[in-house]
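Participant: I'd like to go over a predicted model; first the sequence, then the structure.
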Amino acid sequence: MDILIAAILTIITAATPLLFAALGELVTEKSGVLNLGVEGMMIMGAIIGFVAVHHTGSASVAIIASMVAGAFMASIFAILVLKFHARQVPTGLALTIFGLGLSALIGQSMIGVAYTGIPKIAIPGLASIPVIGNILFNQDGLVYLSILMVIVVYWFMNKTRAGLILRAVGDSHDAAHAMGYSVVKIRFMAILFGGAMAGVGGAYLSLAYSPLWVEGMTAGRGWIALALVVFASWKVGRVLLGAYLFGGITILQLHAQALGIGIPSQVMSMLPYLATILVLVFISRDKTKIKLNSPASLGKPFHESR
Amino acid sequence: MLPRLIKRQTPSASMVYLSPVLALLLTLVASIILFLMMGVSPAAALHAFFVEPISSVYGLSELTVKATPLILIGVALSLGFRAGVWNIGAEGQLILGGIFGGTTALFFYEKTGFYIIPLILITGIIGGMLWAGIVAFLKTRFNANEILTSLMLSYVAALLLNLLIHGPLKDPDGFNFPESRLFSDSALLPILYDGTRMHLGAIIALVAVGLGWILLSRTLLGYQIKVIGDAPAAGEHAGFSPSKIIWITLLISGGAAGLAGAIEVSGPIGQVLPNISPGYGFAAIIVAYVGRLHPLGVLFSALLLALSYLGGETAQIKLNLPVAVTGVFQGLLLFFLLASDVLIHYRLQFSKQAAV
Amino acid sequence: MTEKSEYLIELTGMRKAFPGVLATDNVDLKIRRGEVHALLGENGAGKSTLVKMIYGILKPDAGEIRFNGETVDIKNPAHARELGVAMVFQHFSLFDSLTVVENISLGMDQKSDMKTLATKITDVSERYGLPLDPHRHVYTLSVGERQRIEIIRCLLQEPKLLIMDEPTSVLTPQEVDKLFITLRRLGEEGLAILYISHKLDEIKALCDDATILRLGKKVGGVSVAEESTGSLAAMMMGEELKEFKQAAKVTVGDIRLEAKDLNMIASDPLGISLKNINLEVRAGEVVGIAGVAGNGQDELLTALNGEHRNNNPESIYIEGKASANLNPNQRRELGMASVPEKRLGHGAMPDMNLIDNAFLTAYDRLGFIKSGLIDYAKTRKFAKEVIRDFNVKTPRANVPAASLSGGNLQKFIIGREFKQKPSILVVSQPTWGVDAGAAQTIREAIREMASQGAAVLVISQDLDELMEISDRIGAICGGVLSKFYPIEEIIIEKMGLLMAGVELEDGVQNVA
């Protein structure tokens, strides 16, 4: 029983950073922009959040700082892609390379610094429910926030006019432009949101998951988040499902040895990456489905013309 | 008032070549600001970065050592990028080349013979092709995004190397250190200039530049690559097969990365280590772009990026700067290049009057 | 509501110049309430420029617009809509992945919640005979249904003036009839309609008054009832309409291209699958295939030229050889050339230069590869010949294809194929979006190819064009091809039925 509870708790902590980053990328992609720089934005969120908590001691300040860092990185991408008409794929790659380098530079003085981890918030009453209470209602604030964001993003995309406009821009930027909507402005906001979410996802790693700073600690999670968006067929609810599925694979890796299964640790560590490939293959082989679900102007350059 | 971007009627030919130069200048300016923020004298830092590493014969030879894998992979990636095939997992393919080549070297540990080195290089190529072939298969058969699969396979490759170096490839007399035996002399690439580490790989890299150039500019395959990259439907109209191009470009770039991996283990490293590349596979993406996806351009940009590796090491020793500066420099360079490229298709207009 | 003027809208002295061309010059236009007013003119006569000024997209250089007798300065489309002007564009601005109601909501200035809007849509669609389910996704709708979205969107704004820019170019003749019923009804309710077209019979059927433009100038303001199509055409063209001269009857030779029960599943999930296609094209004749856009034209072209293949070789014969399994290169070797509808990205590579573009389909037939390497000198020579012989306007041969205008690029592509002297030619939408001069050149070149003995198949949305150049004609609808009829035995109404997928009964060869 204790092992099971521990396993579920690990799933939640492993899923949360992916959930943040994938939700953010989903909104960006729904506006028609493919930002491959998620890994770079995440790692910057991780280090800036860690630096902030080290200097201020406040988890809230650290979380906000990580969002700002992610959004700042995203703004570089947005300016290059929207204002300078740079191509999205190489620009996203550049963002990742730059973020990995810059975070390592900033994090030089943070190696070996300890942090206790952001505090857990027990929801009064609910947290004392046996078993479930401890799992569901005694988490850190970011876990609650990630679930809240799923609801907020779902509501925004499907129930608000702004969400409708964002989807319209992602479907056909030319038609949206012809109707007088500012494609550039809307995409800029979507990209910034994606950056802020990736930033806080990264911060979850350095503030809660590990809590410490290690160079390159995102270890490909930004890329897995990108794959999750495809897995989810650009649907918000499925991102939640996907993130928790991947969280589940991560715990296999952590708990297999505890259970005495004699598989080398490296093989277990490969699992999330291999699972990502499997999932991509499984989802992508149906071209029709991908075509119908993915935003029609995803990755295509937009030139205002008359 | 801000300058406006006005679309050019036809793209500027001169900006195609000037843009990387402009990008380099902007990167230098940004680096100076970065050094100032870190409290380092920009003059000293720039000297340590860009001058000191190449002010000796040994330094120059080291430049070729670092540039060799970058050129090999950069040329090959250029082909793929031109076709719109985004292999960004060259790092993993390089590692596989290292594993395969290294295993060959260790297999012939007690043998001597001229055939050993070619075998190492060929098995390295096969290893890289195998890894990239998985990507091509998943892309052509299942439509799986090659960016994500090739990258995921890079992580898998690193773990695979780690697994093997803790197991079968580990030096039996190595006190359990995760390292292989040092290769025997017949498994080491010949040195071109005594007293340096400059090796046969440098010549192989130059040959790759030449071959890549001819392939791209004068052969039907090169033409097909360019057509598929610019307009896949036009390629199909002419009867070219996109799947074939995906397979070929991935096998070429995987093979080149694998060759680079084999060259690394049998050249400058001389054994198999848990870590055989400081990110050459990723840096080669920048090399390809800064080199305009043209083999000759790749040659120059590879030398520049190689210098950034050497400079980073020098700056660490002399000025106690973190090595991570190299990564920042590389990222900035690509950013500024992508930004400067706007001037190929647009020109700046400073007047306040908007053109109608 | 006070009505200060007899006219809803009065334009006087409208002038707009673009670099190098005076698009409209001192044009007057007056429309009464409840009138269906035709704006008539050939391509390039200045019709679009004029209505763009009314709709606030372009700013006039000179001239006055009076709305309800008051002078107005229309700043932008939103302002125009505020005044009561609505416009249905020739090319729709629709979002495929969204529903009808979502699309309409995005185009409305005043916001209302989706439920109310859906009810309003149903109301309007029932009232005016424009059936449309508000909750369908746009990608599931036909072109005619898509146009209804635009019309309903306009009507929901309760406009006083409705501008329609060539609305029938995407409709079958039967759909046109339905649209006209709706438009007449709207006119009876007091809505003024400005109807832009160059199709004379439509204007005769629908409009009250007409303003005729030629080369940017107003050349006539008439009451339609008092004019014949001939006199309208004379004003529009500037000379009496030339009698359509039947080309000298060519001697038709052997079958060069034949499809036998050709089936092809669409590779694109939103594409059209081809069903039991049967056709034959003989040496020396031009066969036309009409049809409304999106009914399988592209799929037919790519099936015939080998871009898409099936595994039944017997379903296509080229020069008598079973060919359905051959790739485009092998079919070109047998003498087939093709010109796809989409120029940039299908017929040509946008970012590559004209020399590279000349190489694309010609390298094999004309031998541009010498001992494994590309012979650029020879390719360049060929590109320059195409540019010269087909009068392609470009500064040099080494400019990107994307820098050419649509008409010039089309001349280049047509030239590239024609100069290879194919014995079979399949051309799709040869003159779509091409200016009148270039279109004439292209049509003449197509007839010329046939008279030199090639078998020519032309797929086009432009019925007038097909009636002009074809010897036999049929239509495609939903991936099904109709029977073919000799051109002198068919009239437009019958073509309409064919385009709508209705098979004509045999023996009902009409009297034209």
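Facilitator: Done, it's in. Fair warning: this is a prediction, and the values are worked out from it, not measured in the lab.

Participant: CA only for contacts and neighbour counts going forward, please
Facilitator: OK.

Participant: Around chain C, which positions in the stretch 201-306 of chain A sit nearby?
Facilitator: A:K287, A:T288, A:K291, A:L292 (C-alpha under 8 Å from any C-alpha of the partner chain).

Participant: switch the cut-off to 7 Å
Facilitator: A:T288 (C-alpha under 7 Å from any C-alpha of the partner chain).

Participant: Which stretches in the stretch 201-306 of chain A count as helices?
Facilitator: Residue ranges of the helices in the stretch 201-306 of chain A, as given by DSSP state H, counting those that start in this stretch, are A:221-231, A:236-258, A:265-284, A:287-293.

Participant: quick one: contacts of the first one?
Facilitator: Yep, that's helix A:221-231 we're talking about. A:18, A:21-22, A:25-26, A:38-39, A:42, A:239, A:242, A:276, A:279-280, A:283, B:148 (C-alpha atoms under 7 Å, 6 or more residues apart in numbering or on different chains).

Participant: one step back: please identify the deepest-packed of the helices of the stretch 201-306 of chain A.
Facilitator: Ranked by average neighbour count under the criterion mean count of other C-alpha atoms under 10 Å in any protein chain shown, those are headed by helix A:221-231 at a mean of 25.

Participant: Mean pLDDT added to the helices of the stretch 201-306 of chain A, as TSV?
Facilitator: Output for the helices of the stretch 201-306 of chain A, formatted as TSV (pLDDT from 0 to 100):
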stretch	mean pLDDT
helix A:221-231	94
helix A:236-258	84
helix A:265-284	90
helix A:287-293	82
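
Participant: Okay, and C:A337 sits in which element?
Facilitator: Element membership for C:A337, per DSSP states H and E: strand C:336-339.

Participant: what's next to that strand, contact-wise?
Facilitator: So strand C:336-339 is in contact with C:N305, C:G347, C:I414, C:E417, C:P422, C:S423, C:I424, C:L425, C:V426, C:V427, C:S428, going by C-alpha under 7 Å, 6+ apart.

Participant: Tally up the residues packed near the first one, please.
Facilitator: The reference is to C:N305. 28 (other C-alpha atoms under 10 Å in any protein chain shown).

Participant: Contact partners for it?
Facilitator: C:P328, C:R331, C:S338.

Participant: So C:D25 belongs to a strand, correct?
Facilitator: Yes - assessed with DSSP: H, G, I helix; E, B strand; the rest coil, C:D25 lies in a strand.

Participant: which one is it nearest to, not counting chain neighbours?
Facilitator: Excluding its sequence neighbours, the residue lying closest to C:D25 (C-alpha to C-alpha, 6 or more residues apart in numbering or on different chains) is C:R15, at 4.6 Å.

Participant: Please, which helix or strand holds the one you found?
Facilitator: Going by DSSP H and E, C:R15 is in strand C:7-18.

Participant: Show the average pLDDT along that strand.
Facilitator: Strand C:7-18 shows a mean pLDDT of 90 in the predicted model.

Participant: near chain A, which residues of the stretch 151-300 of chain C?
Facilitator: So the stretch 151-300 of chain C meets chain A at C:P269 (C-alpha under 7 Å from any C-alpha).

Participant: neighbours of the residue in the stretch 1-150 of chain B positioned nearest to chain A, just the number please.
Facilitator: Going by C-alpha to the nearest C-alpha, chain A is nearest to B:F142 of the stretch 1-150 of chain B, at 4.3 Å. B:F142 is surrounded by 17 other residues when neighbours are defined as other C-alpha under 10 Å.
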